[in-house]
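**Student:** Build me a model:
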Amino acid sequence: MSEPAGPLPVADAEKPAHEPLPRIFWPALAVGWGVITVGLVGVFGKAHHFAGTVPWRDVGKWTVGLAIVHDLFVAPTVCIIGLILSRIISPRIRGPIQAGLIVSALVTVTAWPVYRVGVPLREDPSILPGDYGRGLLIVLSVIWLVALGLIVRSVLTLRHASAPE
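**Tutor:** Numbers count the residues shown, from 1 in each chain. Here you go, the predicted model:
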């Protein structure tokens, strides 16, 4: 058995055993549990469109199906896109671009069923028919205008910081 080349590292007694939690942790945790609670109330409560009956088979199919779709398609796609972006985009503007892509994907996935099928007006006559394609394009345009504004601000801040006084 060979001995190590140098002394073994000793833990620093002044360092805490773990990093402190970021300030956003507890508010984000509260919001996350709030969203989970709303979902559970929607499934188990009477405040849903199934008039008090929960179609457990459908809930199970959707839960398992969404988990499979997420693990086989969504997560690998996001990881590959993130890897590509990390290699070709400057770290200074990467954040706004990634945020724009994530928010655009969430908005598109949420709006897609309504865009493709439309709203069945006979179930809820108070819902007005709309041009959902145009609305989706407007929302995506706003998302990317905000991302562009953040990119411009980041670039201008960089130029201002590096300019000689």
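**Student:** residues contacting Asn158?
**Tutor:** I think there's a mix-up here, since residue 158 is Leu and not Asn. Residues in contact with Leu158 (CB atoms under 8 Å, 6 or more residues apart in numbering) are Arg92. C-betas here are computed from N, CA, C, even on glycine.
**Student:** One more pass at 10 Å, please.
**Tutor:** Residues near Leu158 by CB atoms under 10 Å, 6 or more residues apart in numbering: 90, 92-93.
**Student:** How much space separates it from Gln98?
**Tutor:** 18 Å (CB to CB, to the nearest Å).
**Student:** Now the helix ranked longest in the chain: average pLDDT?
**Tutor:** The residue-count maximum for a helix in the chain (DSSP state H) belongs to helix 132-162. Regarding helix 132-162, the rounded mean pLDDT is 89.
**Student:** Report the buried residues of it.
**Tutor:** 132, 136, 139-140, 143-144, 147, 150-151, 154 (16 or more other CB atoms under 10 Å).
**Student:** Please state the offset of it from the chain centre?
**Tutor:** Mean C-alpha position of helix 132-162 versus that of the full chain (CA atoms, centre = their mean, to the nearest Å) differs by 17 Å.
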